[in-house]
Every structure is written in structure tokens, then in C-alpha cells.
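# 3D model of this:
(chains A and B)
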Amino acid sequence: MGKSLFDKVWDVHTVRTLPGGETQLIVGLHLIHEVTSPQAFGMLRDLGLRVMMPERTFATVDHIIPTDNRKRPFQDNLAEGMVKALKDACQEFGITFFDVDSGRQGIVHIIGPELGLTQPGITVACGDSHTSTHGAFGAIAMGIGTTQVRDVLATQCLALARLKVRRIEVSGKLGPGVYAKDIILHVIRRLGVFGGTGYAYEYAGPAIEALSMEERMTLCNMSIEGGARVGYVNPDEKTFEYMKGRPYAPQGDAWTKALAYWKSIASDADARYDDVVRIDAAEIAPTVTWGINPGQAISVKERIPTVDQAPNAAERSLVEEALSYMQLSGGHPIEGTPINVAFIGSCTNGRLSDFREVARYLKGSKVSSSVRALAVPGSMDVAKAAEAEGIDQIFRDAGFEWREPGCSMCLAMNPDKLIGNELCASSSNRNFKGRQGSPTGRTILMSPVMVAAAAVRGAVADAREVFSIRR
Amino acid sequence: MALAKIERVVGRGVHVAGEDIDTDRIIPARFLKCVTFDGLGEHLFKDVRFREDGSKTGHPLDDPRFAGASILVVDRNFGCGSSREHAPQSIAKRGFKAIVAESFAEIFFGNSIALGIPCVSLARADLDQLAKRVESRPDTVLTVDLVEGVVRAGDDLGWPLGIKPGASEALQKGLWDPIGQLLEAKDQIRSVAASLPYMRA
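Residues are numbered from 1 along each chain as shown, chains lettered A, B, ... in the order given. This is a model prediction of the structure:
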């Protein structure tokens, strides 16, 4: 029987089996940022350790960076201190740092692929759970804690238990106005927010192969919201085409060698899986969340679940808690729910293709006067490319604020926050209580085009109707 | 690096109810603006403990009956979401030495073990019984016993616990922080790196 990509990549990166049974796994690419990494350098200093392979770690700032005024020092002293701590550590330990003035700064999961640092068949670790994003290239990529950031800095390795592999096969073709975001929200809805615990998700099938690289990143990004620490797509011609000419991609002879390796690590046709789930793309509609975790999702045409529909006591209490927090009524349509804020951005949906797709439909429309709308490019590169195409102007003309790159209102560690119990239509990844910066703020997750539709209508709406999407 | 051998944790418990409690709820993002983990203990569960006007909501963590508890009892899929180690750090800094749940999110589990915090699972019915006991008799002494593989409540109740065998062994042998072991294999690391087509040693 053949091997999956996960097994192949895991095996070639295995240094040894540790006495407790875990694998000592080598990390090919280590990405760090200002929130979860400065503490790790402190741990290194305390232990008198050095960075083993400084050329394999890259740093940037994304979480706390303001998106309106990036002038240094930042108005927020704590934010300034964190960026300084990271910069100083990078200098001390010889690590490349993509600072705000580098032209390459951005959300860590957006710049990795953009720069060609993320490659097929490598292992990627970062102190951020959305590291699964990089799996779009056929890499084994996972979020880690700060103590593990220390481990990677000191040894380029992690101690990890091997994951099982679940293949998620999506057959058929997505309908008009249905995107990668809808696939992943649908997957999480079906398999649950902890259904993926202990698994790596391999996304496959015609509907997945048809996705662009950026859409594959959206898909893999939210694997962790389904409990799967790792999600990936096997590399194909689209992957190789994307890699070509990127600043850190191999060139010349190295490209030829790399290509042979990349092709060799894709899952074998007869690979063994621990589980297989099949989904028909035709059953996926534009999907929105109604509750306080990403699994609490329905199609925009469905009614909000009622407490009585819950299958057991635990679910009942969850539905009750979610409805009460969201101030929504079970049994009512989600469509038409008024929103206060619209946010397009984040490591899930802050890429050029996201803004392009929205601009296509938003042109000539106006954001409802009751809505505050924010567009935040995921990186300086995305911002530059979008601005060169005039996309920023389309957003501005429609009534969006066009901001500077960062994580922004996805987790609101910078000044971009919900106020009070505002309801936000958001292209980000988490609708947890308080996630967007106000302890009573509310989030409805959806695709960027659906956010634009909600912004225009001032309420949750079906983008296919608002923008007459027939393709 | 000599680490403590963690075979059992003994102490009183507190039950924080709720399924899928995420790390944003354990420690809201605004408290991540720090370059050390010191001082995180006071912000644990902050936004469910306090209203926006600063008044207390009556969270179990602020209930004097559970003051000094060192074993945190929670429900299903505890610690999902963000990989922030600030979550287990804030739990540890608040004085908790072990966590009992129906299940844990993966990254949170790994982060906790690396800090020497046993995370053990109980079957739901057993967990509910434990939670009920803690709530009705907060002075009950709980024991999370990794050697015998049980959680006990007082002298009369006990349930078999679940934990990944590797994690249990690492805690008991004092190998829960893997850095020492990882460092031992420096030559092997370099040779595996050299064998990878994209890494030059």
C-alpha cells in the first residue's frame, strides 16, 4: 500500500524516535512574529542557548500593528515594546526580520507563500495556530506554543506525536458565488470543531484541485478550527507555477531538483488513510456562522437552529449559550440580520484574489450608511498589487476604509476593534466570544464577497442575489 | 536540566463549565501584549469573570468556596482555537497544577504538557460526577494519579483517566520539557538536514 504526503514528509523529516515514543521532527521553515516569540528568546537566554540554524527562521510583525498610522514609535507603548523586543532578538541571533519599512511585511501566513519561503514537501512551524495555511503547498505546517518556538530556535526540531490522516474528498464543482471559505465552513460544520483532533486533513478531489493556490490557503488556514492541527493539499502544476520566480524559490539546477522532490512527495494513488470523508461540492452554499464557534454554521438560506433541535444536553447548552450571546432567535432566517461592521482581511481572506473578487462585484455599489467597513490587505505586497490595479479605489468609492497591512480586526490586538455588542460580518476565521476586541462583540464569519454583500445591504445577505452572481 | 517527576497532583478543584472553551476566552488577546508571561494569572478568564463596568459576574474562579483550588475541572474540547501558550501559562500562574476535562484541543494539550501541567480526560459521565462533587463539596481533596491512572475525589470516588501514554510517561519521568532530549541529537539533526533536498546543513 502507498503512502500519503503526510507520511512521506513526516518520515524524511524524522531525526529519531524519542524515549517517550514521540518523533523528533526537523522543521524546515520557522516563522515568528511579535506576540508569541519574544518570550522564547528570553527562554533561550536563560538556558544559555543559541539559535541552531538562524537562516531557517524568518520574522515579521502582524498582530499588533496599527493599520491607520504606522509611524514609529507606535502610539501604543506595549505594541512598540513588543516590536522592539522582536527586532532586537532578531539582530542578536542573526534572524532575517521583515520590518514595517522592508516592503515585505505582512501577516506571517501571507508573506511566507508570497516570498517563496513556503514550499512543497517541507515542514513549517510558527507560534500561531493558522500555520496550517502553508499546507496549501503540500507542506506539513502546524501551529506551536512559545516553549516549542524555543525548541525550534535551539534545535530546529519539535517533539511531536504522529498524527492520523483523514482524506476529505470534495467531488463535483462549486456553484456560482461559493468559495473555498464556504467549503471549509461546511467541513467544520459537518465534522465538528473537535472532529479533527489527532488528525491531519488531506483535502482532495476535483473541487479542491480546481481551487487556485490562494483559495487552497483559505481552505487549509481554517483546518485548526475543525480541530486539525495540520491541513494540506497535494502539490500539482498550479503549485509549481505559483512557486516560479518567487524571491526565495529555488532557481536553475536547484529548481529542477526541487521539482523532482515536490512531485515525489504527493500522496500515492493507493495511499493508506485512517479515515475518508466524501462531500459533494453541489451541497455547499454560501455559508455563514450564527454562533460562537466556527462549527455553528448554516447556509445563508437556512434558519438559525433552535435549542430543541440539538441532539443532546451538551449541544443544547451550547446552542443556548450561542443564541444568547449572539442575541439571535432560533428558528428565524439568518438572512436579514442587521450588521454594524464589515471586515475584509486576515490570514484567511486577506490576499490579492480576495480583494480582486470583491472589487469585481463591489464596483458601483455603496456600503450601507449604518455600516463601518474595513478592508485590510494581508501584506505590503498585496496592498501594492491591489493599489496598482485600482482595487483600493473601488473599495474607497464604495465606502470601505482601505487600511495598511496586518491582522487587524481578526483578533483586534491593534486599535481595530468592535465597540460594545456590535455585530461584524467578517472574512476572518474565529467567531469566539470577544474575539474582535469587545468582550460583548459579535462575529458572523463568511466569505469576502458575502461580507461585501452584507456591507451593501446593511444586513446578512445572499451575495448571489445582491451582486447577481451567475458566473 | 533536572525537571520534577510529576506522578500525582493533589488538591481541591474548581469546575468551570462550558463546551469548546477557546483560548481567547481563557486569556483575551489584549493581555497578550507582553514580552514575558509574568502576571498573566490575574487575567485568566477575565471577560467571563467581569462585566464591562468591572463588576463580577459570579464566575467559579471568584467564588470563595473554591479559593486555593489547584485542579481545574472543565468540559469538552478545552483550549481550542489560538495556539497562544499564554493560555496554559495563565492557568499555571493562577496556581493550577492539573486540568481534568472530557477532552482537550491538541495544541493546548501539547503546550500544557511542556509546562508540566497534566491534562487528563474522563468519560463524560465520570466527569459530570466529578464536577457535581466539586460543586457540592468544594473541600473534597482530588488526586490526579498518573501512576495508577485514576482521578480520585475524596476517599470514596474514583474514575479511570485517559492521557496519551507518551505524555504520561514524560511527566512521570521528569522529561516533560523536551529541550534536553532534542539537544542530545545535534549531530543527527545536522545529518538529516543535509539529507533533505531543500536544506543545506
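
# List the buried residues for stretch A:420-436?
A:422-436 (16 or more other C-beta atoms under 10 Å in any protein chain shown). In this view, the C-beta of every residue, glycine as well, is placed from N, C-alpha and C.

# Check what contacts the helix or strand containing B:D47 and list those residues.
Using DSSP states H and E, the element containing B:D47 is helix B:46-49. With C-beta atoms under 8 Å, 6 or more residues apart in numbering or on different chains as the test, helix B:46-49 has contacts from A:K433, A:G434, A:P439, B:R25, B:I27, B:P28, B:F31, B:K56, B:T57, B:H59, B:L61, B:D62.

# could you flag which of these are buried?
Buried subset of these (neighbour count, 16+ other C-beta under 10 Å): A:K433, A:G434, A:P439, B:R25, B:I27, B:P28, B:F31, B:H59, B:L61.

# List the ones among the residues you listed that fall in helices.
B:R25 (DSSP state H).

# out of the buried ones among the contacts of helix B:46-49, who's nearest A:R396?
A:G434 (30.0 Å; C-beta to C-beta).

# List the residues that contact the closest one.
Counted by C-beta under 8 Å, 6+ apart, A:G434 has contacts A:T440, A:G441, B:D24, B:R25, B:P28, B:D47.

# can you rerun that using 7 Å?
When contacts are counted by C-beta atoms under 7 Å, 6 or more residues apart in numbering or on different chains, A:G434 touches A:G441, B:D24, B:P28, B:D47.

# Provide a list of residues in contact with the first one.
In other words, A:G441. By C-beta under 7 Å, 6+ apart, the neighbours of A:G441 are A:L418, A:N421, A:E422, A:C424, A:G434.

# okay, those residues in TSV with pLDDT and secondary structure next?
What follows is the contacts of A:G441, written out as TSV (pLDDT from 0 to 100; DSSP: H, G, I helix; E, B strand; the rest coil):
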residue	pLDDT	secondary structure
A:L418	98	coil
A:N421	97	coil
A:E422	98	coil
A:C424	98	strand
A:G434	96	coil
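
# Which single one of these is nearest to chain B?
For the contacts of A:G441, the residue nearest chain B by C-beta to the nearest C-beta is A:G434; the value is 5.0 Å.

# helix/strand/coil for the residue most central in space within chain B?
Centroid-nearest residue in chain B: B:I99, 4.5 Å away (criterion: C-alpha atoms, centre = their mean). Following DSSP: H, G, I helix; E, B strand; the rest coil, the label given to B:I99 is strand.

# Could you pull up the mean pLDDT of the helix or strand in which A:L44 is found?
Using DSSP H and E, A:L44 sits within helix A:38-47. If you average the pLDDT over helix A:38-47, you get 95.

# contact partners of it?
Applying C-beta under 7 Å, 6+ apart, the contact partners of helix A:38-47 are A:82, A:85-86, A:89, A:93, A:146, A:149-150, A:153-154, B:35-37.

# Tell me where the model's unsure across the stretch 51-200 of chain A.
For the stretch 51-200 of chain A, no stretch is flagged by pLDDT under 70.

# Perfect, that will be all.
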